[in-house]
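# return a 3D structure for these sequence lines:
(3 chains)
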Amino acid sequence: MSSIEFRKDLFADERDDNLNEIGKPTIRQDILGHVTGRSPFYDDHLFDGLLHMRCVRSPHHHARIRSIDFSAAQRMPGVVRIVEAKDVPHNLNTLLSLLNFGRDDEPLIAPKKVAYIGEPVLAIIAETERQARDAIAAVRVDWEVLPHVLDVVEALKPGAPSVNEVYPNNTFDYGPYDHQKLRFGDVERAFQEADHIVEGEYQMSPIEQAPMETAGAIAAPETNDRYVCYTSTQALFFSLGTTAKLMNMASSRLHFVGGTVGGGFGGKVDSIVEPMSVLGAMLTGRPVKFMWDREEEMQVGAPRGAERWRIKDGIARDGRIIARSFTGFFDAGAYIRLSSYAVQKGVGHLPGPYSIPNVAANVFMVFTNRTPATAMRGFGITGVDFAIECHMDKGAETVGMDPIEFRILNAYRDGDMKAHRRTAKNTALIESCQVAASKAGWRIAPDYAQMSSLVGGGVGDRAAIPETVTDRIGLIGERRRAEMPTEPYAGSSERGRVPAGTANEAIGAAAPQREDMQIDLARMGIRKPSAQPQPPQQQPHYQPASPVPPRPIPSATPPSAAASFTPAPPRSPAPPQQPAEPAASQPTPPQSQPASQPAGQPQPYQPERPFQRGVTRPGVSRFISGTRRR
Amino acid sequence: MAIHKGRGFACINYPIGMNLGGDPSQALVHSTPDGKFMVSLSSIDLGQGMKSVTRQIAAETLGVPVADVYVDTADSDTGPHCMGSFASRGTHRVGNAVIRAATEARKQLLEAAAEELEVNPADLETDGKGNIQVRGAPSRSISVADTAIAAQFKQGRTLSGRGIFLIPPSGVDPDTGEMTPVSCFAHAALIVDLEVDDETGEVEVKEINSAYELGRALNPKLVEQQLIGGAWMGVSHALYETTEPYYPAREHGPVDFNSYLMPGPGEIVPHNIAVLERPAEDAPFGGKGPGEMCANPVIPAIANAVYNAVGVRCDMLPITPERVLRGIRENGGARPQGRR
Amino acid sequence: MAKKPISFTHNGRETAVFAESGSNLLDMLRRVVGDLSPKYGCGQGTCGSCTVLIDGEPHLSCLTLAETVEGRNVETTGGLQRGPDLHPLQKAFMEGFSAQCGYCTPGMLMAAKALLDRNPRPTREEVIEAISGNLCRCTGYEPIVDAIMAASGQVSGRVA
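Numbering: from 1, shown residues only, chains lettered A, B, ... in the order given. Here you go, the predicted structure:
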């Protein structure tokens, strides 16, 4: 069946594998609890007099609440308390307000209108779950149904129903614009110079995190006028802070317990179940449980939001992508939750792990009348990676190249400049492609089998920040007044220019606050090749037929004099138009033998069976590990 | 009326940690009276192995066996702040915080032992088995347990440490999108072999071959768990899952697992994984987090393989039999693209 | 609401409880008996997290009326151990890293136990059939199938 091997030979000179506990297949600390059924999930705590809380939910995409009649429900057996919107001490929030990002837009219990099917308008607390469900069914709500919008492109048009009162344009604000821009170089000119244009549109469906444990929390009054909350959250203090804000309560009065969760996958960050259960405990003075049942987990609990991506590539005849432009739409649903952040995460990821000299993107966070979206495994990345990697295959087909060779040719390498103006380091895309190809028996040409993330990057234009063309299209509110195109630069001819080399410093980790928190780097098992004395350079086994070709340079652009990133000097000065000698810019090639272990040291982790692969044959790239046996 | 084989490729990288930073995690480490160590966190174990990997990280940093370390999480009264388990930040941020806390505790430990052995702390090393010894003279040693007892009951010293790891927040330029998203990236490349039935449109994934670059496999079995489980989720995401089958219309949204489909044990796909390790400088022992990126390359690789099999571009997820059949019909029949 | 007395054997111990008429076995075991090992995953009978054995047969306790276990033998994960010794299935799951979040694990173990108790050396296909009513979101199932095969004393054909 499945197999796993650890290619310790690759990047061996950057690692010390002589660690005591790291790298060992130590049995999980919690697995004994899992196999005995003793791991304490939030619901695995018994409370005397536990009450159950459930919600009346909107059956409409978009509606105003004229009135709610819960008189019948109130009289039903077992009903302890009706919880209305006005019972929520501070009934407006957005998750990322804890980071000062975005305006409060979402009530815990909707007071005046609902913006998605399933939005809660009332809660009922009863002695048993069944009694709560029966009481919910007896509540009568008088709705005034409003027009709704479900498609991201429709939502951007003038006249589309306004979904979110706090963001009436159906978009989130990114600075002065209604979308997040990415601008690097000049895609418009590069498209004109490209030999091929490849366009595509990709659509990802919303999907459920579907953990086996649904989200839930139990809150109870504790000693000292505090509340304890046992929760399935993925972010303990996020939930605590959100609850403190909604309940208008000092955070010190909240005691949150969790840490053992039956799967999260991003769906347990939204911090709705905790404030609800704490509110219930506050209002009843008893333990209260609030959870999604499975139907709610699927249709009311936030999914991974759908994304729509349009990609346009300009590709040179030799297969280099010289321009890539994105238009992206995140379907956030009715409220922000975390989608605002996902857009920026996605933009920071563009154009993918490739070195492309001209990149542009317009990415919209769009409000629609559907279940608000939230994080899910790969948040902000999965959707655009689906689009990018499907698109890469189309590009490869257009230029007639093998799909893997096409990736390797365009792959980013150490020292390359990325579209968000930071230098790539610690890259390994090329090696990953080579190893995967060899495992599947997918032959790639020896040139490509020989390439390395450590060779050819950070040279000339690859390391430079080009002069960048900007625009001011899409200011907040413009789109509501008149329909506008969504693609980068489309809709106006005015352009700005940001000089080449313009960038801020990358932000690194804050230093340890005290000297004695600084781990001895030798004990971290990380070796920086540049800091080590190097043996004489070894000749590669195979001389590539052609070196990594330079990027085709748009003819009118002069070499940037003001670049703040200086490319590594070539051994012999070379004008930008000529290909650089591979040896000139090559850092020490990775050694083909793993570093020898000092005598008597424990061996690094070995797979269960003898390691069969990674043997170098003369004339074959050290990265090809032999044909996979079928 | 045929089964067509197809092969597809995809490769990705993945940002490790909360985008734009500003997501601290803290850890506290302290010794029990006899030299066992407790690590207090508020971090969450969703199943990815947070408790286990932080335990190994603490043990390695302290220089004691993992059996002498226990991780306790999550209680807001006793655990220091952690931003949470998401964005593949756990190993990187929490791991680094644990390293810093354990480093401070280790320093106390070596100073206490040095006082007992009457040597300079800089001359001491741990053997990873519960002993502290003079470098080069291992017979001059004292157990961690005895050191802890001496420290706490004779010297008046705690053997504890605190750590915080933070990458300060970055802004985003609204005009250019400039930002510092994260400090390191993991990588993956993956090849899917599948079969498409051109009569039913069904896609069956037959085999996956992959390479994942993760910085360092802190625990190879936990890594394996993530990569196998994550690839399974990628297949599920690509072929089956949707909460809105008629997106953007909301009708017929599934409300139970009868209609929310995921592959079962009868559809296990053999997955041959190679793990590459290029340590990231600012990551704990170089380790990046595989938890999220494991599903990502599977999805486009499947779409690319379906195209290879029958010549239908599936640009919309999930790749249902209906979509495959519609594509085949539009093309006037299956158009296999040729084997690689 | 009327409460019914129910006497039954729970993991080898004679037990008697009063449970709400019409309540389900899962709630009765968790809330009344205090056995928290079977889990609520869906309440709809589709995920298997609530699987318990009644007279040796796997049942979905979320859809089983509590009163129907009167006089019968109910087994849950909490009773798999013999004293301090783990059941071979529990050992195999631990050593095989066959659990991540652990939420489906109790149900998986009971379904597997039901299989091995009546068929000590199942084929891989029989193992898959036996757990096909138990959903897992984390592991991809393969480590679970491997562990059950290992517990039955048969290696499942893993290659390095």
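# can you pull out the strands in chain C?
C:3-10, C:13-20, C:51-54, C:57-60, C:73-75 (DSSP state E).
# ok, stretch C:31-39 near chain B or not?
No. Stretch C:31-39 is not in contact with chain B by C-beta under 8 Å from any C-beta of the partner chain; minimum separation 13.4 Å. All C-beta atoms are positioned from the backbone trio N, CA, C, and that covers glycine.
# which helix in chain C has the most residues?
Scanning chain C for the longest helix, with DSSP state H as the assignment, gives helix C:105-118.
# ignore the last one, chain B
helix B:95-117.
# buried residues of it, list them for me.
B:95-117 (16 or more other C-beta atoms under 10 Å in any protein chain shown).
# stretch C:42-56 now?
For stretch C:42-56, by 16+ other C-beta under 10 Å, it's C:42-54.
# and if you look at stretch C:148-157?
In stretch C:148-157, counting by 16+ other C-beta under 10 Å, buried: C:I148, C:M149, C:A150, C:A151, C:S152, C:S156.
# residue ranges in chain C under the pLDDT threshold?
Across chain C, residues meeting the criterion (pLDDT under 70) sit at C:1, C:155-160.
# and A:S355, how many neighbours does it have?
Each residue near A:S355 was counted by other C-beta atoms under 10 Å in any protein chain shown, and the total is 26.
# measure it to A:E467 for me?
As judged by C-beta to C-beta, to the nearest Å, A:S355 and A:E467 stand 18 Å apart.
# same check, this time on B:S88
For B:S88 relative to A:E467 (C-beta to C-beta), the value is 34 Å.
# so between the two, which is more surrounded?
Neighbours were counted for B:S88 and for A:E467 using other C-beta under 10 Å; B:S88 has more, 27 against 17.
# just to be sure, the more buried one is in a helix?
No. Under the criterion used here (DSSP: H, G, I helix; E, B strand; the rest coil), B:S88 is coil, not part of a helix.
# so which residue is dead centre in chain C?
Centroid check for chain C by C-alpha atoms, centre = their mean gives C:M110 as the closest residue, at 2.7 Å.
# quick one: residues contacting it.
The contact partners of C:M110, by C-beta atoms under 8 Å, 6 or more residues apart in numbering or on different chains, come to C:P38, C:T51, C:V52, C:L53, C:P58, C:E75, C:T76, C:T77.
# how about a cut-off of 6 Å?
By C-beta atoms under 6 Å, 6 or more residues apart in numbering or on different chains, the residues touching C:M110 are C:T51, C:V52, C:L53, C:P58.
# one more: C:E95?
So, once contact is read as C-beta under 6 Å, 6+ apart, C:E95 ends up touching nothing.
# same question, A:E405
A:I444, A:Y448.
# that older thread, near chain A, list only the ones from the buried residues of stretch C:42-56.
C:C42, C:G43, C:Q44, C:S49 (C-beta under 6 Å from any C-beta of the partner chain).
# now those residues as CSV including distance to chain B?
Putting these into CSV (distance: C-beta to the nearest C-beta, whole Å) gives the following:
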residue, distance to chain B
C:C42, 6
C:G43, 9
C:Q44, 5
C:S49, 11
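# and the two most separated of the residues you listed?
C:Q44 and C:S49 (11.1 Å; C-beta to C-beta).
# burial check on the closest residue to A:E84 other than its chain neighbours, number of neighbours?
Closest residue to A:E84 in three dimensions, ignoring its sequence neighbours and counting by C-beta to C-beta, 6 or more residues apart in numbering or on different chains: A:L122, at 6.1 Å. Per other C-beta under 10 Å, the neighbour tally for A:L122 reads 22.
# B:D23 now?
So B:D23, with other C-beta under 10 Å, has 22 neighbours.
# give me the phi and psi for the residue in the stretch 151-300 of chain A positioned nearest to chain C.
Residue nearest to chain C within the stretch 151-300 of chain A: A:G262 (3.1 Å; C-beta to the nearest C-beta). Backbone torsions of A:G262, given as degrees, to the nearest 10, read phi -80, psi 60.
# can you list the contacts of C:M110 in CSV and add distance to B:A58?
CSV is the format used below for the contacts of C:M110 (distance: C-beta to C-beta, whole Å):
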residue, distance to B:A58
C:T51, 36
C:V52, 38
C:L53, 40
C:P58, 40
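# follow-up on the earlier one: can I get the longest helix of chain C in PDB, CA atoms only?
Extracted in PDB, the C-alpha atoms of helix C:105-118 (Å, rounded to 0.1, in the frame of the first residue of the first chain):
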ATOM      1  CA  THR C 105     -11.500   6.000  17.500                       C
ATOM      2  CA  PRO C 106     -13.900   4.600  20.000                       C
ATOM      3  CA  GLY C 107     -16.400   3.800  17.300                       C
ATOM      4  CA  MET C 108     -13.700   2.300  15.100                       C
ATOM      5  CA  LEU C 109     -12.500   0.100  17.900                       C
ATOM      6  CA  MET C 110     -15.900  -1.300  18.600                       C
ATOM      7  CA  ALA C 111     -16.600  -2.000  15.000                       C
ATOM      8  CA  ALA C 112     -13.200  -3.700  14.700                       C
ATOM      9  CA  LYS C 113     -13.800  -5.700  17.900                       C
ATOM     10  CA  ALA C 114     -17.100  -7.000  16.600                       C
ATOM     11  CA  LEU C 115     -15.300  -8.200  13.500                       C
ATOM     12  CA  LEU C 116     -12.400  -9.800  15.200                       C
ATOM     13  CA  ASP C 117     -14.600 -11.500  17.900                       C
ATOM     14  CA  ARG C 118     -16.400 -13.400  15.200                       C
END
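# quick one: the helices in chain C?
Taking DSSP H to define them, one finds helices in chain C at C:25-27, C:88-95, C:105-118, C:124-130, C:142-151.
# what's downstream of the helix or strand hosting A:I311, the next helix or strand?
Here A:I311 sits within strand A:307-315, counting by DSSP states H and E. Next helix or strand after strand A:307-315 toward the C-terminus (DSSP H and E): strand A:321-333.
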